[in-house]
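[1] Predicted model follows, preceded by the sequence.
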Amino acid sequence: MEEHYNPQEIEPKWQFRWAEQQLYRTPEDDSRPKFYCLEMFPYPSGDVHVGHVRNYTIGDAVARWHRMRGYNVLYPMGFDAFGQPAEAAAVRHNAHPATWTYQCIERMRGQFRRLGNSYDWDREVVTCDPEYYRWNQWLFLKFLEQGLAYRSHAPVNWCPKCEFVLSDEEAQGGKCWRCDGPVTKEDREQWFFKITDYADRLLGDLQQLEHWPERVRTMQANWIGRSDGVEFAFDVVGSDQKIPVFTTRIDTIFGVTYVVLAPEHELVDRLVTDGEMRRKVEAYRAEVDAKTNVERLSEEAKAGLRLDVEAINPANGEQVPIFIADYVLLGYGTGAIMAVPAHDQRDFEFAHAHGLPIRVVIQPEGEALDPATMDSAHIGEGVQVNSGQFDGLPNTEAQVKLAEWLEERGVGRRRINYRLRDWLVSRQRYWGTPIPIIYCETCGTVPVPESDLPVVLPPDLPYAATGSILPQAESFVKTACPRCGASARRETDTLAQWIESCWYILRYTDPKNNEMPFSREAADRWLPVDQYIGGIEHAVLHLLYSRFFTKVLYDLGLIGFQEPFTRLFTHGMLLQDGAAMSKSRGGVAPDDIIARHGADALRTYILFIAPPGQEADWQEGGIEGISRFLNRAWRAVAGRADAFAPDWRGRIADTSDDTAAALRRSTHQTIRRVTNDIERWHFNTAVSAMMELVNAMTELGDRASEPDLRLAYSEACEHLALLLAPFAPHLAEELWARLGNRESVHLAEWPAWDDAIAQEEQITLVVQVNGKLRDRLTVAPGTAEHDLESQALASPRIQAHLEGKSIQKVIVVPDRLVNIVAR
RNA sequence: GCCGGUGUGGCGGAAUGGCAGACGCGCCUGACUCAAAAUCAGGUGGGCCUUAGGCCCGUGGGGGUUCAACUCCCUCCACCGGCACCA
């Protein structure tokens, strides 16, 4: 009986059997409640490392646990195979994106199998498959019909290193989301999705997402950036031009001392007619262009140029100078502002730099602001002054009154403004969904008819390290106009890969449908996703886009729900020596660890290392500890098969032995702890609890086979196998089988505990004097308060500490402690 | 600058306002062994004393609430992450 725990043998064995039995196939018609568990799918980079494994291990444990809890679980996997990350990985390895991608997918499938993840592979989705992107194109056409997809000539974010346009979300902070390099502006004609039409719903519905991390909701809310204000226009002296501005501080309108336009604002060209002035404007624009964002922000004084025209403040008829300055952004609001240096810090700094007047129109209570001595703008509340008929009003009130006043006079209107801008979806890349559009000389922009889908990416092109090769592919570009039949040209931009990942969650519910992207019936049955698991880096990008898509699909009547993800979990990064783990840094590869310690050890260690939401530091010694634990579990169950009594359940009630009772107590306490810990996602303490049970079992040694203990020991063995199932599925399965079970442990029911058995017989009661621990008493649980008090007071140790003091108060917490307050 | 997170032994980390440090790593001692590995048993926050025992200190710093604070409140510090001229 010198058989020992050998993960290299049992893991492949069970993986093979699970696949053979289709154990993880999702039944479609099933009366059990559904649970859709999903991890953000990976892009096939070819470099799977341990950091990623954390994501998949958490998901698998959650999926397995829900199955055992009686849910019909949908737990699929697929590959985000299109797009720049996948293409870049291919190019880096000097391969055609298609060849490379499918090779990687094959490798990763093997890796997932070796990890023991319980995916339903029958539902696999690969986004670069024409059968998938066909529906991506179909959905694009639906967006087009709805007026939600449009082409526009506009300055767009451009990453010179990737030779690639970026959406605003991808260019956060002026840095490319892939290469981290600086982003510039380029003028180009591109396809956009009208996500701004959904800004209000995307913001408002965040409130429903109570099971999302607060910070993700905050990040999205900030990104959408709603602000309520007033839009009105300044007349220009000696011209019929008007300068529209947006402000959230209409209460400060009487404090305007100048107006600023963004340097690129198209109005500037109409306002400036004089040749000399024009040259200055051009020079200034060139200067601004040359500076990076960082340079602009780090400048001491705010730069700007005064134009030779003036504007009229509609509130008081005053004439004020007009500037262009780069602190005003073209893309936000109207691209022009009213400047109130007394009450806006940026305007204050600009006014100082350019010697402009500062006029206080809001006086804070109990203070008299003097423009000559102010060293910063007064942003806060106060009472209106220098504001005509509004003087004396609290500014919060004036805000309403002034808005009404301007609206009545037809000068302005209340408006809600968003920071969110439309979503740029064109990519100048080969490896993506071809946009199903044809340009015809006579008919213009013509959508490809649905019956002609998919527009297939030409497979036999030579790959290129940079830029797109599609425009050079004549066989692809040259086509006939679907309307008039004349020769025409295909769109050569492809779609951002975010689009495929907006609805893959739906395709999983109906992956083989060739009539539709998915059936509404399947979608409504499974969605929303009950548990979504992924990295925080997608807090704005993927999660915002998916939410937008879901709302559009709802409006199209394709689905019956408006939010895709009920619960979101963002796990922490797995670090090595304080930095993100990666192969290039000599990080450990999952396959190496599996070869050395087994997948179960890897999984259990990842769950044990820290609470999953936190960052965690990989330590080689840690996994050895887990290996040891699994070994001990093996020896405790498989190594003592002689002690196991299959019929323990029927006979155990008669057990009266103290040691047996103690073991039973441990078993039931462990079931309780593991269950509660998994429920609150504290997998690390769940593993600790199982370790304690195994330690208790091991301590018994050979006594396990004694008649008095056998039954309790059998109960412990059986439950240990069940509790291990979500963490170490192969070991659990092997032990379960050795205990004589024919059916998989993963089809078994999660065990229940009995509070009466788990109940401690004796409780250690802490006795404190003035809050300091002075003695411990052993009492029965549920001992009455007054008994606890008198026992505590009777203790000789306590007596000693009470010497010369008088008791003020005695606090008794039943089953916990007695605290005697004495002076 | 703004917003969020984190701060506990040598290390990863535990603790519904009620015994701080569960569990694991590492380390120390012992058993087994010719020896080592593996395994098993015991110990392991710091300081102090008259050392069967006992006392004091201790959860980033300071203050507060409370009989009682890692936990709640205020304030400061450090590190990590996000946003950053958004009118």
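    Cool, got the structure.
[2] going forward, measure contacts between C-alpha atoms and count neighbours the same way
    Noted.
[3] Please work out which residue of the stretch 351-500 of chain A is closest to RNA strand B.
    residue A:419 (4.1 Å; Cα to the nearest atom of the strand).
[4] for chain A, that is, sorry about that
    residue A:247 (2.6 Å).
[5] Quick one: residues contacting that residue.
    By Cα atoms under 8 Å, 6 or more residues apart in numbering, the residues touching residue A:247 are A:229-231, A:337-338.
[6] For the lengthiest helix in chain A, name the packing helices and strands.
    Longest helix of chain A, by residue count under DSSP state H: helix A:658-679. On a contact count with 3 or more Cα pairs under 8 Å, 6 or more residues apart in numbering; DSSP states H and E, helix A:658-679 meets helix A:683-700, helix A:707-724, helix A:755-758.
[7] could those be laid out in JSON lines, adding mean neighbour count, mean pLDDT and distance to residue A:773?
    Below are those laid out as JSON lines (neighbours: other Cα atoms under 10 Å; pLDDT from 0 to 100; distance: least, Cα to Cα, whole Å):
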{"stretch": "helix A:683-700", "mean neighbour count": "20", "mean pLDDT": "91", "distance to residue A:773": "27"}
{"stretch": "helix A:707-724", "mean neighbour count": "24", "mean pLDDT": "91", "distance to residue A:773": "35"}
{"stretch": "helix A:755-758", "mean neighbour count": "14", "mean pLDDT": "88", "distance to residue A:773": "27"}
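[8] Format those helices as JSON lines; extra columns: distance to RNA strand B.
    What follows is the helices and strands packed on helix A:658-679, written out as JSON lines (distance: least, Cα to the nearest atom of the strand, whole Å):
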{"stretch": "helix A:683-700", "distance to RNA strand B": "4"}
{"stretch": "helix A:707-724", "distance to RNA strand B": "14"}
{"stretch": "helix A:755-758", "distance to RNA strand B": "16"}
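[9] who wins for proximity to residue A:512 among those?
    Of all those, helix A:707-724 sits nearest to residue A:512, with 34.6 Å by Cα to Cα.
[10] Residues touching that closest one, excluding its own?
    Residues contacting helix A:707-724 (Cα under 8 Å, 6+ apart): A:636-637, A:643-646, A:648-649, A:651-652, A:655, A:657, A:659-661, A:663-664, A:667, A:671, A:674, A:690, A:697, A:703-704, A:731-733, A:735-736, A:739, A:745, A:748, A:750-751.
[11] what about the closest residue to the residue of the stretch 351-500 of chain A closest to RNA strand B other than its chain neighbours, how many neighbours?
    Closest residue in space to residue A:419, ignoring its immediate chain neighbours: residue A:225 at 4.8 Å, by Cα to Cα, 6 or more residues apart in numbering. Residue A:225 has 15 neighbours, counted by other Cα atoms under 10 Å.
[12] circling back: can you give me the buried ones in the longest helix of chain A?
    A:660-675, A:677-678 (16 or more other Cα atoms under 10 Å).
[13] Narrow the contacts of helix A:707-724 to those that are buried.
    For the contacts of helix A:707-724, buried by 16+ other Cα under 10 Å: A:636-637, A:643-645, A:648, A:652, A:655, A:660-661, A:663-664, A:667, A:671, A:674, A:690, A:697, A:704, A:731-733, A:735-736, A:739, A:745, A:748, A:750-751.
[14] Count the residues that sit near the nearest residue to residue A:799 once chain neighbours are set aside.
    Nearest in space to residue A:799, with sequence neighbours left out and distances taken as Cα to Cα, 6+ apart, is residue A:793 at 6.7 Å. Residue A:793 sits with 17 neighbouring residues when counted by other Cα under 10 Å.
[15] Residue A:793 falls within a strand, correct?
    No - according to DSSP: H, G, I helix; E, B strand; the rest coil, residue A:793 belongs to no strand; its state is helix.
[16] wait, doesn't it sit right on residue A:800?
    No - between residue A:793 and residue A:800 there is no contact under Cα atoms under 8 Å: 10.3 Å.
[17] Reformat the contacts of residue A:247 as a markdown table; add pLDDT and neighbour count.
    Below are those laid out as a markdown table (pLDDT from 0 to 100; neighbours: other Cα atoms under 10 Å):
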| residue | pLDDT | neighbour count |
| --- | --- | --- |
| A:229 | 89 | 18 |
| A:230 | 92 | 23 |
| A:231 | 93 | 24 |
| A:337 | 93 | 24 |
| A:338 | 94 | 28 |
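[18] Show me which of those is closest to residue A:259.
    Checking the contacts of residue A:247 one by one against residue A:259 (Cα to Cα), the nearest turns out to be residue A:338, at 4.8 Å.
[19] ok, the closest one touching residue A:254?
    No - using Cα under 8 Å, residue A:338 is not in contact with residue A:254; the gap is 10.2 Å.
[20] Show the backbone phi and psi for residue A:434.
    Per-residue torsions, residue A:434: phi -60, psi 130 (degrees, to the nearest 10).
[21] Show the pLDDT at it.
    pLDDT, residue A:434: 95.
[22] OK, contacts around residue A:252?
    Taking Cα under 8 Å, 6+ apart as the test, what residue A:252 contacts is A:340, A:343, A:361-362.
[23] ranking those by neighbours, who comes first?
    residue A:362 (29 neighbours).
[24] Now render the helices and strands packed on helix A:658-679 as TSV, adding distance to residue A:428.
    Formatted as TSV, these follow (distance: least, Cα to Cα, whole Å):
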stretch	distance to residue A:428
helix A:683-700	44
helix A:707-724	49
helix A:755-758	63
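[25] before we move on, which element is residue A:113 in?
    helix A:97-115 (DSSP states H and E).
[26] starting at the chain centroid, how far to that helix?
    25 Å (Cα atoms, centre = their mean, to the nearest Å).
[27] list the buried ones in that helix?
    Result for helix A:97-115 [16+ other Cα under 10 Å]: buried residues A:97-98, A:100-102, A:104-105, A:108, A:111-115.
[28] next structured bit after that helix?
    Immediately after helix A:97-115, counting by DSSP H and E, sits strand A:125-126.
[29] Can you name the element that comes right after that following strand?
    Next along from strand A:125-126, by DSSP H and E: helix A:130-145.
[30] Could you list every helix and strand that the helix or strand following that following helix packs against?
    Counting by DSSP H and E, the next helix or strand C-terminal to helix A:130-145 is strand A:149-159. For strand A:149-159, the elements it packs on are helix A:130-145, strand A:164-166, strand A:184-193, judged by 3+ Cα pairs under 8 Å, 6+ apart.
[31] Would you verify that residue A:287 is located in a helix?
    Yes - applying three-state DSSP, one finds residue A:287 inside a helix.
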